[in-house]
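Novice: the sequence isn't on hand, but the structure is:
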């Protein structure tokens, strides 16, 4: 297996694509699987036309990445486009894309089966399922995928992102770009694939039980889901008030009073739910608060269940920088022989906001951990991976996969 | 409180705890994996330790079940090369064995090396597995509704498939090596392996005495001829078993060709001890063998050579043991002989003769001599027996007894026969001019030639090409007539079809009895000289001749007396037996055709004198 990353940047998509094309030709690779991530300002149609023509027959997965991409050479900037080419003629690869529609789980299930068909491997358990999707219904997507593969192989991926949470995120699959879609890739490699999925936060010691949720309701008004992304109350108190108390005032008081976006304010102090215990130690799935609502509730980038215990978490910049290296190392450690051809990183865009100026150190740390092997990194509004042998969706997480040689 | 340890790059107790727990999980995973791998290695051990006749998979299913928790396992293999049909060769459910499988795309991928699990209702795990030198796959399934096989199962299966393919390849290589080193019939080491073993042994032998015994079965060919090769093979296996029972665990027995065995006796504690082993073998092999319902008796001739006295290499020891065996066999079948200097000289002479014979064949230095055959009623020449002679460098003729045996062993008999028959056929015009065109010509055919259809067909073609095949008589040994199989089924009808006559040569010296005459087709029977010599004085010979005469006259078989040398023998044969024809020095010696023609008048005068003598004796 051979892997290489290619990155170019500029305001003119056609020009960037031409630059990419030159670099791809120089690599000499004939990839079977192509990751493509790009900044929100790029023209999806041009990007798609390029990959469809240049990599005809290859599986294509990707979409927008918040503020561009990173590779082993560093950050590409908001107008960058990055490719990761996986050349593995002895493996089997396929991809498919779908609009999530009304039944996100069903769409995900169908897309996975279509990707397996595309890989000429219908009915087979892939080594890894890669997904890239529109933010908002990740849990349903993961549930749909789990109907096919359960937790028997990792489902790794991210939620496509834009630069300012304005909804300009898109997904790119073999048939072109989508705005409310899901792209699924399946991988059967010849060299083995390792993965890691971790958060960079620790509990503060504060916790409480979700006592009221703004349930998703159907047209009839009946609650259609036992969980939701709108936490109204924790231990009977308005959720925003509780959060404000736990964090010592992370959110401006006017926002608590009037409501508004708190994405940036909460990146260092997210919430979490328990993902399970090992040796009596709790493992956390992070929940990133997005807005304060008029009911003094909190909307989040991940779903919680009523009755779930919420934990206050905290992070720091250095740790978020270091953590990407540890996730990459974990991925490498699970590759047979620990010899890698390249890697891929999904880094939470929220974490990127949190590390601020140190984001270039994130790219450098990842590059070092991958041993200067080619890698491509995207910045996302939600991350999917494996916690305690279960495929889940989380926030403020870091995913990495490593391709064995 | 922060923990700031630059060595590990951790800055909080929470992070430290996380790392410790992560490492503990990794260790647990590693331990689990090691346990699984240990089980897989057990399974591989099972594969390698099963005997050739065992199925290499059946025993390992139980072990694999501990790792993969399957409910059913099958191994499906290609019937022949890639692309051939798939057949289940082993399964936890015996009913599956023998079922044909379609060549689905998934199976193709697995046969090509992919390990894969399904996401279908019935969980299945497929792995490639070279089996019985063919491409194969193993499918492990769980019941519908049970959890499917996961990434970890696939990783383990990949390891197992890799290790198993190496293990099975090693097992196949061992089988090949064993096939290369062992005689497939008896399971004994073969010539190559034995030679290597002896060479290795001699390299480290130092001053100790080692013996190499050459064991050659007596009469084995007759068993093959009489009872067929299946019984012959069974006898060889029984012989191998019996010898194994009679030797020590430190001795090594090998079979180096058809009925030839070699035994390395190591160590030789004393000559007496070696003698005891050899005597045990001689006695043991003389005991009856019960083969296919027949009680068979045979013996073995054994020759022994000692290291270091009789050679320091395998080649020397084997050659000298062979020489000693040859001496034992030609002296007394069923006996043993030890190599010594005298045998060495004999062997040298034999080697010298071998060179002479090979050169003689190359230079066609053979020719025929003809001995007249006389009608006992008229005492006229009615035929000739052609005999082979080697022509030496001085032009002298060497009798066939001096080289026929060795020529047979060296495989030169066909070539010599061909040269001699050329000479006979070239002699016919001169012979006919002198003795008339109606004489017969008898040609000797060895048992080996007689049972080879190709040789016989070529010979008969040549005789038919003369335009008068009926004047030829093929003198065949009793052994050929009595052999089962090809001779009776193919050769006899072939001889008849060509109109050539068949004669049983040297009757009475072999295993044939009068009763066997009833079961064979022959036109002529030649009574060996041992029954003719002094027949007028030997009651036993006379009794035999009477019985023979009575039998053959009813069967219409012509009887020829060989070796008639005296007038008394002639008189008795003419007066008291219905023997039809005779040959012997009394009438004429075997003579080259030109000399025979030149002496025709002399021979006829002699025959006239004999007629007169007989008449006078009668008067």
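Specialist: All right, it came through fine. These numbers come from a predicted model, not from an experiment.
Novice: which pLDDT value belongs to residue B:401?
Specialist: pLDDT recorded at residue B:401 is 85.
Novice: okay, now it: neighbour count?
Specialist: Close neighbours of residue B:401, defined as other CB atoms under 10 Å in any protein chain shown, add up to 8. Backbone N, C-alpha and C define where each C-beta goes, glycine included.
Novice: dump the residue contacts of it.
Specialist: By CB atoms under 8 Å, 6 or more residues apart in numbering or on different chains, no residues touch residue B:401.
Novice: could you do residue A:388 as well?
Specialist: Contacts for residue A:388 (CB under 8 Å, 6+ apart) come out as A:275, A:276, A:278, A:283.
Novice: please identify which helix or strand holds the residue lying closest to residue B:92 once chain neighbours are set aside.
Specialist: Nearest-residue entry for residue B:92: residue B:73, 4.9 Å, with adjacent residues in sequence omitted and distances by CB to CB, 6 or more residues apart in numbering or on different chains. Element membership for residue B:73 (DSSP states H and E) is strand B:72-78.
Novice: for residue B:542, same thing?
Specialist: Using DSSP H and E, residue B:542 sits within helix B:539-555.
Novice: same question, residue A:140
Specialist: Taking DSSP H and E as the criterion, the element that holds residue A:140 is helix A:138-149.
Novice: who are the packing partners of that helix?
Specialist: With contacts taken as 3 or more CB pairs under 8 Å, 6 or more residues apart in numbering or on different chains; DSSP states H and E, helix A:138-149 sits against helix A:104-118, strand A:128-133, strand A:155-159, strand A:298-305, strand A:390-394.
Novice: how about it: buried residues?
Specialist: Neighbour-count burial for helix A:138-149, counted by 16 or more other CB atoms under 10 Å in any protein chain shown, picks out A:138, A:139, A:140, A:141, A:142, A:143, A:144, A:145, A:146, A:148, A:149.
Novice: do stretch B:290-301 as well
Specialist: B:291, B:296, B:298, B:299, B:300, B:301.
Novice: give me the low-pLDDT residue ranges for chain A?
Specialist: Residues of chain A meeting the criterion pLDDT under 70: A:215-227, A:279.
Novice: and the longest strand belonging to it, does that touch chain B?
Specialist: Longest strand in chain A, counting residues (DSSP state E): strand A:202-213. Yes - residues of strand A:202-213 contacting chain B under CB under 8 Å from any CB of the partner chain: A:202, A:203.
Novice: what residues are up against the residue in the stretch 1-150 of chain A positioned nearest to chain B?
Specialist: Residue of the stretch 1-150 of chain A nearest chain B, by CB to the nearest CB: residue A:125 (4.2 Å). Contacts for residue A:125 (CB under 8 Å, 6+ apart) come out as A:149, A:152, A:153, B:116, B:117, B:118, B:119, B:148, B:149, B:150, B:151, B:154.
Novice: and the residues you listed, which of them are buried?
Specialist: Buried among these (16+ other CB under 10 Å): A:149, A:152, A:153, B:116, B:117, B:118, B:119, B:148, B:149, B:150, B:151, B:154.
Novice: partner residues bridging the fourth one?
Specialist: Taking DSSP bridges, one obtains residue B:126 as the residues bridged to residue B:116.
Novice: ok, it touching residue B:126?
Specialist: Yes - applying CB atoms under 8 Å, one finds residue B:116 in contact with residue B:126, separated by 5.3 Å.
Novice: joint contacts of the two?
Specialist: Common contacts of residue B:116 and residue B:126, defined by CB under 8 Å, 6+ apart, comprise B:106, B:110.
Novice: number of residues surrounding residue B:451?
Specialist: Number of residues near residue B:451 (other CB under 10 Å) recorded here: 23.
Novice: secondary structure class for the nearest residue to it once chain neighbours are set aside?
Specialist: The shortest distance from residue B:451 to any non-neighbouring residue, by CB to CB, 6+ apart, is to residue B:487 (5.0 Å). Secondary structure, DSSP: H, G, I helix; E, B strand; the rest coil: residue B:487 is helix.
Novice: neighbours of residue B:487, how many?
Specialist: The burial count for residue B:487: 24, using other CB under 10 Å.
Novice: equivalent analysis for the one 5 residues further on, please.
Specialist: For residue B:492, the neighbour count with other CB under 10 Å is 20.
Novice: just checking, it touches residue B:500?
Specialist: No - at 10.9 Å, residue B:492 does not count as touching residue B:500 under the criterion of CB under 8 Å.
Novice: about what we covered before: tell me what whatever helix or strand comes next after the helix holding residue B:542 is packed against?
Specialist: Counting by DSSP H and E, the element after helix B:539-555 in chain order, helix or strand, is strand B:558-561. On a contact count with 3+ CB pairs under 8 Å, 6+ apart, strand B:558-561 meets strand B:524-527, helix B:539-555, strand B:581-582.
Novice: looking at the ones you listed, which is closest to chain A?
Specialist: Per CB to the nearest CB, nearest to chain A of the helices and strands packed on strand B:558-561: strand B:524-527, 77.9 Å.
Novice: please enumerate the helices of chain A.
Specialist: Counting by DSSP state H, chain A has helices at residues A:13-27, A:44-54, A:104-118, A:138-149, A:239-247, A:253-258, A:317-333, A:349-355, A:359-369.
Novice: in space, what's closest to the residue in the stretch 301-450 of chain B that chain A sits nearest to - neighbours in sequence excluded?
Specialist: Nearest residue of the stretch 301-450 of chain B to chain A (CB to the nearest CB) works out as residue B:314 at 48.6 Å. Leaving out its chain neighbours, the residue that sits closest to residue B:314 by CB to CB, 6+ apart is residue B:198, at 4.2 Å.
Novice: and that neighbour, backbone torsions?
Specialist: Main-chain dihedrals, residue B:198, degrees, to the nearest 10: phi -60, psi -40.
Novice: just give me the neighbour total for it.
Specialist: Burial measure for residue B:198: 24 neighbouring residues, criterion other CB under 10 Å.
Novice: which bits of chain A sit near chain B?
Specialist: Residues of chain A lying near chain B by CB under 8 Å from any CB: A:116, A:120-121, A:123-125, A:127, A:148-154, A:188, A:202-203, A:278-279, A:281, A:316, A:318-319, A:322, A:333, A:336.
Novice: test my guess that residue B:216 contacts residue B:300.
Specialist: Yes - with contact defined as CB under 8 Å, residue B:216 counts as touching residue B:300 (6.4 Å).
Novice: residue A:280: neighbour count?
Specialist: By other CB under 10 Å, 6 other residues sit near residue A:280.
Novice: please apply the same query to residue A:211.
Specialist: The number of residues packed near residue A:211 is 15, by other CB under 10 Å.
Novice: do the same with residue A:309
Specialist: 16.
Novice: ok, it touching residue A:211?
Specialist: No - the pair residue A:309 / residue A:211 is not scored as a contact, 10.8 Å apart, by CB under 8 Å.
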